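In: Structure, please.
(chains A, B and C)
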Amino acid sequence: MPGVLDSSVRVHPTALCESQDVGEGTCVWAFAHVMEGAIIGRNCNIGDHAFIETGARLGDGVTVKNQVMVWEGVTVEDGVFLGPGVIFTNDRYPRSSRIAAIDVSYSHKENWLVPTTVRHGATIGAGTVVICGTIIGRYACVGAGAVVTHDVPDGRVVVGNPGRIVGWACICGVPLDERLTCPRCHRCFEIADEKLVTIE
Amino acid sequence: MPGVLDSSVRVHPTALCESQDVGEGTCVWAFAHVMEGAIIGRNCNIGDHAFIETGARLGDGVTVKNQVMVWEGVTVEDGVFLGPGVIFTNDRYPRSSRIAAIDVSYSHKENWLVPTTVRHGATIGAGTVVICGTIIGRYACVGAGAVVTHDVPDGRVVVGNPGRIVGWACICGVPLDERLTCPRCHRCFEIADEKLVTIE
Amino acid sequence: MPGVLDSSVRVHPTALCESQDVGEGTCVWAFAHVMEGAIIGRNCNIGDHAFIETGARLGDGVTVKNQVMVWEGVTVEDGVFLGPGVIFTNDRYPRSSRIAAIDVSYSHKENWLVPTTVRHGATIGAGTVVICGTIIGRYACVGAGAVVTHDVPDGRVVVGNPGRIVGWACICGVPLDERLTCPRCHRCFEIADEKLVTIE
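Out: Numbering: from 1, shown residues only, chains lettered A, B, ... in the order given. The predicted structure is shown next:
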């Protein structure tokens, strides 16, 4: 399989990279598994023990820390940070399909497969669980250990279980102060039409 | 070891399946580890990076998603769904047994080993932690990201940290509405003696 | 690499132990990865699928259960118990460093690397997420599924998301009763200067 990959793709000797849709400069580290049919952009970093399923899509420049699981139906846009141990889901009410009493039809994906999207530049913190059917907005930040049960609007900070909005995040990742200024990079923002806008 | 297993058992080349007690039709996927003495039923599916310890017991038709950890003392009945990253425990008050100051006797299992049971057809959602000593009832549903600290009665839905009961689940997995009817499969139920019973 | 390790160090054939700083008697189990430059004491046990990064430091007698992730900047003292799936962090406001719009300088560690310390004999329960910049005190106990957002003083028990103090723990790991006596090992304590002290 590595034969078809761009020569700049690095796959650790213990990793399994079965997809041929991996962009240049991407690295796949130890014991990670990228399944055939997963689509991975350029310049991504996929940590140890991560798992990317057939049908998952990652943009360019995505950081996938160790043990992250990305399933079919999940779309991760460019520049997203997925912290260690982030777990996505793609079935809202799962059952084992392997006994007769449980007669959910898993033969048709429209019966169970629910998509999830993480937009450009967002951060999902360590150990977060993302309930399927949600959209996590551009540059949003989900705090470590949260459970995302609802959409997260662009630029919002969410923490807790269930996740609740507690503030705004700068493009650089730091929470904004009460004047909507970033204490780290000093960018200034204002709210227009309920959206966060940079002040030039 | 595969020599003794039924020929219908599939073990991925990167997986370790040291148990000889694995039922026919069961699959063990990449980088998973099933220890010697683990008892696994028929037609189970054990995902990547999962770990099943010596002394754990799984029934038939159990779906074990990636990274699930099942320890000695845990019994999982037929048709259970264990979501990605579910963590069981088997020691209520663990310490490292490796320094003198910590003098808990780990040499006798009765000093620390606490059993846990997941009953027929139950669902445990992604990223859930199950505190040992609990029983999760038949067709119960534990929502993703929950921490199970108490028994979950049959058919109950539990979410949050700590897990609390928020409703009833249909056999098909969907939460019942206020008339105890399933919005997906249209089964009807009633409560008799605090138990959920199907109305014929 | 195993050539330089003490002959009493055991590394499972599927594990990667690239560090040469691993103390005698330590075991590294299946699919675990100890990176070069990680410092590991004597008589530790590092479970399946665990990951210890360059720059992490573990003392002697540390129990590292399966899937634990210990990053650069994390110091774990002697006799600590890290439960299955414990996740540390080392960047308070992470972003992917891989796209131009995100201009946090990841080239200088002082811009992002935040240390964390787990003191002698502490227990961190299964599935806990530890926010960086915290100190978890001697013999403290973090309950399974907690998210540690603040320092945990010596001997304190913390549970929940966010983690909050709910009691005191005995050296043996069991919560103390209201008379500050351990119901399991019968040690007696008192509080002096807000610290827990054994009564001889």
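In: C-alpha only now, for contacts and for neighbours.
Out: Will do.
In: For chain A, what lies in contact range of chain B?
Out: A:31, A:33, A:49, A:51, A:69, A:87, A:89, A:93-99, A:101-104, A:129, A:131, A:147, A:161-162 (C-alpha under 8 Å from any C-alpha of the partner chain).
In: filter these by proximity to chain C?
Out: With C-alpha under 8 Å from any C-alpha as the criterion, the subset of those in contact with chain C comprises A:31, A:49, A:161.
In: How many residues are close by the first one?
Out: What it means is residue A:31. When neighbours are defined as other C-alpha atoms under 10 Å in any protein chain shown, residue A:31 has 32 of them.
In: now chain A, which segments are flagged as low pLDDT?
Out: Low-confidence regions of chain A, defined here as pLDDT under 70, cover residues A:1-4, A:101, A:103-104, A:200.
In: Near chain C, which residues of it are found?
Out: Near chain C, the residues belonging to chain A are A:30-31, A:43-44, A:48-49, A:60-63, A:78-81, A:84-85, A:121-123, A:125-127, A:144-145, A:160-161, A:171-174 when assessed by C-alpha under 8 Å from any C-alpha.
In: Take the residues you listed and keep only those in strands.
Out: Assigned to strands by DSSP state E, the following of these qualify: A:63, A:81, A:123.
In: quick revisit: could you flag which of the residues of chain A next to chain B are buried?
Out: Those of the residues of chain A next to chain B that meet the buried threshold are A:31, A:33, A:49, A:51, A:69, A:87, A:89, A:93-99, A:102, A:104, A:129, A:131, A:147, A:161-162, by 16 or more other C-alpha atoms under 10 Å in any protein chain shown.
In: So which of the residues you listed sit within strands?
Out: Per DSSP E, strands hold the following members of those: A:33, A:51, A:69, A:87, A:129, A:147.
In: Can you report how many residues neighbour the residue nearest to residue A:73 when sequence neighbours are not counted?
Out: The shortest distance from residue A:73 to any non-neighbouring residue, by C-alpha to C-alpha, 6 or more residues apart in numbering or on different chains, is to residue A:115 (4.5 Å). Neighbours of residue A:115 under the rule other C-alpha under 10 Å: 19.
In: how near is residue A:115 to chain C?
Out: Residue A:115 sits at a distance of 23 Å from chain C (criterion: C-alpha to the nearest C-alpha, to the nearest Å).
In: Just give me how far stretch A:49-62 sits from the chain centre.
Out: 8 Å (C-alpha atoms, centre = their mean, to the nearest Å).
In: now the end-to-end length of that stretch.
Out: Its first and final residues considered, stretch A:49-62 spans 16 Å by C-alpha to C-alpha, to the nearest Å.
In: Check which residues of it are buried.
Out: Within stretch A:49-62, the residues that count as buried by 16+ other C-alpha under 10 Å are A:49-62.
In: now stretch A:128-142
Out: Applying a neighbour-count criterion of 16+ other C-alpha under 10 Å, one finds A:128-142 buried in stretch A:128-142.
In: just stretch A:158-177 next, same as before
Out: Taking 16+ other C-alpha under 10 Å as the neighbour-count basis, stretch A:158-177 is seen to contain the buried residues A:158-164, A:167-176.
In: Am I right that residue A:63 is in contact with residue A:40?
Out: No. Between residue A:63 and residue A:40 there is no contact under C-alpha atoms under 8 Å: 11.2 Å.
In: Same list (the ones in strands among the buried ones among the residues of chain A next to chain B) but as CSV, adding distance to residue A:6.
Out: CSV is the format used below for those (distance: C-alpha to C-alpha, whole Å):
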residue, distance to residue A:6
A:33, 18
A:51, 20
A:69, 24
A:87, 28
A:129, 32
A:147, 36
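In: For chain C, state which of the residues you listed is nearest.
Out: Compare each of these with chain C using C-alpha to the nearest C-alpha and the shortest gap goes to residue A:147, at 10.3 Å.
In: What about the closest residue to residue A:42 other than its chain neighbours, how many residues nearby?
Out: Distance criterion C-alpha to C-alpha, 6+ apart; nearest residue to residue A:42, sequence neighbours excluded, is residue A:23 at 3.8 Å. As a burial measure, the neighbour count of residue A:23 was computed by other C-alpha under 10 Å and equals 21.
In: sec struct for residue A:184, please.
Out: Under DSSP: H, G, I helix; E, B strand; the rest coil, residue A:184 falls in the coil class.
In: The closest residue to it other than its chain neighbours and residue A:123, how far apart?
Out: Residue nearest to residue A:184 in three dimensions, not counting chain neighbours: residue A:174, with 6.8 Å by C-alpha to C-alpha, 6+ apart. From residue A:174 over to residue A:123 the distance is 11 Å, taken as C-alpha to C-alpha.
In: And for residue A:33?
Out: Remark: distance between residue A:33 and residue A:123 (C-alpha to C-alpha) = 22 Å.
In: now swap in residue A:28 and tell me
Out: Distance check for residue A:28 against residue A:123: by C-alpha to C-alpha, it reads 20 Å.
In: So for the two, which residue has more residues nearby?
Out: Neighbours per residue, other C-alpha under 10 Å: of residue A:28 and residue A:123, the larger number sits with residue A:123, 31 against 26.
In: residues contacting the more buried one?
Out: Contacts for residue A:123 were tallied using C-alpha atoms under 8 Å, 6 or more residues apart in numbering or on different chains; they are A:80-83, A:139-142, A:173, C:94-96.
In: Apart from its chain neighbours, what residue comes closest to residue A:139?
Out: If the residues on either side of it in the chain are set aside, residue A:139 comes closest to residue A:122, at 3.9 Å by C-alpha to C-alpha, 6+ apart.
In: And for residue A:94?
Out: residue B:173 (6.3 Å).
In: pretty sure residue A:54 contacts residue A:71?
Out: Yes. The pair residue A:54 and residue A:71 qualifies as a contact (C-alpha under 8 Å) at a distance of 7.2 Å.
In: so is residue A:110 in a helix, a strand, or just coil?
Out: For residue A:110, the assignment made with three-state DSSP gives helix.
In: From residue A:99, how far out is it?
Out: Using C-alpha to C-alpha, we find residue A:110 at a distance of 20 Å from residue A:99.
In: give me every residue that touches residue A:90.
Out: Listed by C-alpha under 8 Å, 6+ apart, the contact set of residue A:90 reads A:71-74, A:112-116, A:131-133.
In: List the backbone torsions phi and psi for it.
Out: Backbone torsions for residue A:90, taken as degrees, to the nearest 10, come to phi -140, psi 20.
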